[in-house]
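Visitor: Take a look and give me a structure for this.
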Amino acid sequence: MSAITLGLAGLLAACGGGTEQTDPVAKTTPSAHERVLLQVDNWAAEDGQHVARNVSEWAQIWDTHNTVWPPEPAPSLAHIDFKQHMLVGVTSSYSGCSGSIAILSAELESTPTGEGWLVRFQVDERSTDPGMVCTMDIKPLADFILLPQSPLPVRFVELPRLH
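Guide: Coordinates of the predicted model:
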């Protein structure tokens with residue numbers, strides 16, 4: 001019996017000591033963020049996630065989505081200190097009278113593979129109240145926030161859409 005017990009003990013030790021092995025879970029640290037209101041009425045109505053760490057990156061994002069001809073220059077972000085902050089945003093389109101998109105949280109995430117920003121957002125596609133007139137135009141939706149300037153990657157997670 002003692003040989004069998006020793007054999008099982010050795011097998012358990014080789015397999016991790018007989019305790020359940022769990023995957024390391026990402027640790028997150030919530031970050032305060034400031035919302036930035038930007039006019040995106042002339043943007044192409046499409047889903048997107050955006051990170052601008054400087055004025056040039058913002059101009060490139062604007063040029064990609066601006067639908068006005070002749071093209072309009074990107075709105076000035078002179079009030080943003082890109083040495084201290086980066087602009088992070090999400091866009092979506094919605095066909096209807098209402099709808100919104102919102103960044104719900106931004107957290108610094110630490111995983112076994114490295115660190116980065118985790119930004120959770122949600123699109124609300126619920127329609128207007130009964131009896132309201134609706135044009136059914138496709139309109140762009142956007143939400144932008146400021147986060148501390150960082151070279152770390154930004155990972156966007158869309159939560160289930162509200163219908």
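Visitor: element containing residue 59?
Guide: Following DSSP states H and E, the helix or strand that holds residue 59 is helix 55-65.
Visitor: tell me the contacts of residue 118?
Guide: Residue 118 is in contact with 26, 28, 105, 106, 107, 108, 109, 155, 157, counting by CB atoms under 8 Å, 6 or more residues apart in numbering. Where you see a C-beta, it was placed from the backbone N, CA and C, and this is true even at glycine.
Visitor: Narrow the residues you listed to those in strands?
Guide: 28, 105, 106, 107, 108, 109, 155, 157 (DSSP state E).
Visitor: in the protein, which helix or strand is least confident?
Guide: helix 2-14 (a mean of 39; mean pLDDT, DSSP states H and E).
Visitor: gap between the two ends of stretch 103-121?
Guide: End-to-end span of stretch 103-121 (CA to CA, to the nearest Å): 4 Å.
Visitor: Would you indicate which residues of stretch 146-160 are buried?
Guide: Of the residues in stretch 146-160, 146, 147, 150, 154, 156 count as buried by neighbour count, 16 or more other CB atoms under 10 Å.
Visitor: Excluding covalently adjacent residues, which one is nearest to residue 47?
Guide: Among residues not flanking residue 47 along the chain, residue 92 sits closest, at 4.9 Å (CB to CB, 6 or more residues apart in numbering).
Visitor: do residue 152 as well
Guide: residue 116 (4.7 Å).
Visitor: does the one you found really touch residue 109, like I thought?
Guide: Yes. Assessed by CB atoms under 8 Å, residue 116 is found in contact with residue 109 at 5.5 Å.
Visitor: who touches both of the two?
Guide: Joint contacts of residue 116 and residue 109 (CB under 8 Å, 6+ apart) are residue 155.
Visitor: For stretch 55-70, output the C-alpha coordinates as CSV.
Guide: Output in CSV follows, covering the C-alpha atoms of stretch 55-70 (Å, rounded to 0.1, in the frame of the first residue of the first chain):
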residue,chain,number,x,y,z
VAL,A,55,-2.3,65.9,-33.3
SER,A,56,-1.0,64.1,-36.4
GLU,A,57,-2.8,60.9,-35.4
TRP,A,58,-6.0,62.9,-34.8
ALA,A,59,-5.8,64.5,-38.2
GLN,A,60,-5.3,61.1,-39.8
ILE,A,61,-8.3,59.6,-38.0
TRP,A,62,-10.4,62.7,-39.1
ASP,A,63,-9.3,62.4,-42.7
THR,A,64,-10.3,58.7,-42.8
HIS,A,65,-13.8,59.4,-41.6
ASN,A,66,-14.7,62.9,-42.9
THR,A,67,-17.2,62.7,-45.8
VAL,A,68,-17.5,66.4,-46.7
TRP,A,69,-16.2,67.6,-50.1
PRO,A,70,-14.0,69.5,-50.3
